[in-house]
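> sequence unavailable; structure follows:
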């Protein structure tokens, strides 16, 4: 995100450029930063130093060191976050532009520095890395290279993320109730109640705009950040981040848990799919008259897919929350039946409609933004693992929504008609299981937990 407030020092170097050749900056790696999925910008957290390493090759293809740069007597490798004009930004609130100096490691051509931002508006920034080899006597650039990277900066160690925010929505966070008015590409008007409003404007029209305010009530300002996105039908919506230095923000959504709304003949309930290492499954239990008489029942099992790689979050995109939905139809008290997987995939920011019976929406995530304690390392990349994932399940009023911890569902009897496929893998009567329930319920594949 471009910044309105940036202080910078412009140093004009008068160099008679005789030959400027093409060095290259490659093999960028990060430490203490989120780098996966690779198609998204790197993410760092305010107040948590992140190291960046780059390999620089001279135009000759050799390491970018003086002995390989004939005529050069000095090398400068620096990084800076820049505005749209290329000016260095103040990333620590001290009134001065911040320049990060890279140093050569013991490996020729491998340079490293540490980036620590402490007082900035969260959002998307451009990091520009410049490598210059020059001759100070003749003021001549011998070789140089530049590289620009997109970096998302999370605005605090704790945050909550809400998907699918639309104009007119009311967001309840802690003691604050905020109604969003006039949400558009221009920004939004926040209705704070008591005839109090706050306008926020997307000045550069990049789809990201913010408001700084004490939302958690701890006396320290937090950040609300709106990020333009689209729903499953391509319609414009926004994801909303609330960043805070107050850990209580993570508990501020408890008043939404179990919330029940009646929508005609449907019921919508807010539920927890994942809470740390605990996964919750949900059973839509058919309570229709044919089901009660044992004639025919159609039950749905909403199963969160276990494992960190199925529950991740990234500031510049949102989150990934993966579930499976199994439809189980039984006849004559379960003597006959069939079962089928009717959905498997991401529910974040999607209204997943199964058979026009059940609708599932991944809606909220709560995050502890400490890379060392809430991330996982895989194949050279860091991932955010979602700390807590919430969503809505909507279902007809002739169904009962049952919540079971995933490991308990595998061994319960009251949540299965006919038979429990884990306890009775051979089935009952003419009804035989045709799905791999051990895999579905994660009994054999406990993954990286």
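Cool, the structure landed. Keep in mind the model is a prediction, meaning the values are calculated, not measured. Residues are numbered from 1 along each chain as shown.
> not counting sequence-adjacent ones, nearest residue to residue 44?
In this structure, residue 44 finds its nearest non-sequential neighbour in residue 50, 4.4 Å apart by CB to CB, 6 or more residues apart in numbering. Just so you know, the C-beta spots here come from the backbone N, C-alpha and C atoms, and that holds for glycine as well.
> just checking, the one you found touches residue 31?
Yes: using CB atoms under 8 Å, residue 50 makes contact with residue 31 at a distance of 6.7 Å.
> who has more neighbours, these two?
residue 50 (22 against 14; other CB atoms under 10 Å).
> which residues does that one bridge with?
residue 115 (DSSP bridges).
> in contact with it, which residues?
30-33, 44, 114-116 (CB atoms under 8 Å, 6 or more residues apart in numbering).
> which one of those residues sits closest to residue 128?
Nearest to residue 128 among the contacts of residue 50: residue 115, at 12.4 Å, using CB to CB.
> report how many residues lie close to the closest one.
21.
> do the one 4 residues further on as well
Each residue near residue 119 was counted by other CB under 10 Å, and the total is 12.
> and for residue 439?
11.
> A strand includes it, no?
No: Residue 439 is assigned helix when assessed by DSSP: H, G, I helix; E, B strand; the rest coil, not a strand.
> which residues in the stretch 201-350 of the chain form strands?
208-213, 222-230, 236-244, 260-263, 266-275, 278-286, 296-304, 311-314, 318-331, 336-346 (DSSP state E, counting those that start in this stretch).
> pick out the shakiest of those strands, pLDDT-wise.
Among the strands of the stretch 201-350 of the chain, strand 260-263 carries the lowest mean pLDDT, at a mean of 74.
> can I get the contacts of residue 50 in JSON lines including pLDDT and distance to residue 228?
Converted to JSON lines, those look like this (pLDDT from 0 to 100; distance: CB to CB, whole Å):
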{"residue": "30", "pLDDT": "93", "distance to residue 228": "26"}
{"residue": "31", "pLDDT": "89", "distance to residue 228": "31"}
{"residue": "32", "pLDDT": "87", "distance to residue 228": "29"}
{"residue": "33", "pLDDT": "87", "distance to residue 228": "24"}
{"residue": "44", "pLDDT": "92", "distance to residue 228": "22"}
{"residue": "114", "pLDDT": "98", "distance to residue 228": "32"}
{"residue": "115", "pLDDT": "98", "distance to residue 228": "26"}
{"residue": "116", "pLDDT": "96", "distance to residue 228": "29"}
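> buried ones among the residues you listed?
Burial by neighbour count, 16 or more other CB atoms under 10 Å: within these this picks out 30, 32-33, 44, 115-116.
> between the contacts of residue 50, which sits nearest residue 433?
residue 33 (44.8 Å).
> shouldn't the closest one be in contact with residue 43?
Yes: counting by CB under 8 Å, residue 43 is a contact partner of residue 33 at 6.5 Å.
> circling back to that earlier point, ok, of the buried ones among the contacts of residue 50, which one's closest to residue 431?
For those, the nearest to residue 431 is residue 33 (51.6 Å; CB to CB).
> any weak-confidence spans in this structure?
1-21, 174-175, 252-260, 315-317, 368-383, 444-449 (pLDDT under 70).
> domains in it, by residue range?
21-154, 158-440 (automatic domain parsing).
> now for the buried ones among the contacts of residue 50, which pair is the farthest apart?
Maximum distance among those (CB to CB): 13.2 Å, for 30 and 116.
> any idea how far stretch 114-132 is from the middle of the chain?
Distance of stretch 114-132 from the chain centroid (CA atoms, centre = their mean, to the nearest Å) equals 20 Å.
> next, the buried residues of that stretch.
So for stretch 114-132, counting by 16+ other CB under 10 Å, buried means 115-117, 120-127, 129-132.
> for stretch 94-106, same thing?
For stretch 94-106, a neighbour-count test (16+ other CB under 10 Å) marks 97-100, 102, 104 as buried.
> among the residues you listed, which are in strands?
In strands, defined here by DSSP state E, the members of the buried residues of stretch 94-106 are 100, 104.
> redo the buried residues of stretch 94-106 as CSV? Include distance to residue 401.
Listed next are the buried residues of stretch 94-106 as CSV, based on distance: CB to CB, whole Å:
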residue, distance to residue 401
97, 55
98, 51
99, 56
100, 52
102, 55
104, 60
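> nearest to residue 332, of the buried residues of stretch 94-106?
residue 100 (71.5 Å).
> I'd say that closest one and residue 78 touch.
Yes: the pair residue 100 and residue 78 passes the contact test of CB under 8 Å, sitting 6.4 Å apart.
> of the buried residues of stretch 114-132, just say which sits nearest to residue 400.
So of the buried residues of stretch 114-132, ranked by how close each gets to residue 400 (CB to CB), first place is residue 122, at 41.6 Å.
> make JSON lines from the contacts of residue 50 and add distance to residue 203 to it.
Shown next, in JSON lines, are these (distance: CB to CB, whole Å):
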{"residue": "30", "distance to residue 203": "29"}
{"residue": "31", "distance to residue 203": "34"}
{"residue": "32", "distance to residue 203": "31"}
{"residue": "33", "distance to residue 203": "27"}
{"residue": "44", "distance to residue 203": "23"}
{"residue": "114", "distance to residue 203": "31"}
{"residue": "115", "distance to residue 203": "25"}
{"residue": "116", "distance to residue 203": "27"}
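> measure the closest residue to residue 24 other than its chain neighbours to residue 109 for me?
In space, and not counting its chain neighbours, residue 24 is closest to residue 57: 5.0 Å by CB to CB, 6+ apart. Counting by CB to CB, to the nearest Å, the separation of residue 57 from residue 109 is 6 Å.
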